[in-house]
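1. below are the sequence and a predicted model for it; my questions follow.
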Amino acid sequence: QNTVLSAVRGVPVRVRSRERERDPRPPRRPGIKRRQERATRRLRGFGSMSAMAEQNRQQDDLLDGISQQLGGLHERAKQIHTESTLHVPLMEDLDVDVETTNEALKMETMHAEGIRKSSGVCWLYVTVIVLFGVMVMLIVLGLN
């Protein structure tokens with residue numbers, strides 16, 4: 001029917017094609033053998049269990065160092081967050097003050113411009129010229 005007893009395990013296996021009927025063993029996942037061979041080569045490369053234990057100890061030391069550094073970094077990040085949340089209201093107040101000052105400067109500029117236009121400076125120039133003429137006349141009369 002649709003099931004065949006596996007020759008290796010004696011477990012019923014569903015048959016999906018005719019090829020499966022010829023080979024009732026369950027399919028192997030690709031790459032398992034390669035992974036096993038790589039793991040075996042790695043273990044052989046250690047030479048002994050003491051070398052592997054030494055390498056594990058070194059890795060543990062390095063991981064402990066990284067963990068401590070990350071803890072310090074986490075504390076600094078929390079301090080930066082606290083400082084930034086404290087500075088936000090100050091920056092908002094500063095922004096309001098700058099806007100107020102900007103508006104006041106614009107108003108004073110318009111006021112000064114209006115005064116400059118309303119007060120003619122022509123009479124000042126005429127007065128300076130008349131006084132200069134009087135001074136020259138007094139100097140000339142004083143030398144005679």
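-> Sure, I can see it. Numbers count the residues shown, from 1 in each chain.
2. find the residue at the geometric middle of the chain.
-> Taking Cα atoms, centre = their mean as the criterion, A77 is the residue nearest the geometric centre of the chain, at 12.1 Å.
3. give the next helix or strand downstream of the strand or helix carrying T109.
-> Element membership for T109, per DSSP states H and E: helix 49-118. Next helix or strand after helix 49-118 toward the C-terminus (DSSP H and E): helix 122-143.
4. how long is stretch 115-123 end to end?
-> Taking Cα to Cα, to the nearest Å, the first and last residues of stretch 115-123 lie 15 Å apart.
5. one step back: helices or strands next to the helix holding T109 in the packing?
-> helix 32-46 (3 or more Cβ pairs under 8 Å, 6 or more residues apart in numbering; DSSP states H and E). C-beta: built from backbone N, CA, C; applies to glycine.
6. what mean pLDDT does the helix it packs on have?
-> Here helix 32-46 scores 67 as its mean pLDDT.
7. do the same with stretch 100-119
-> 88.
8. one more: stretch 128-138?
-> Stretch 128-138 comes out at a mean pLDDT of 94.
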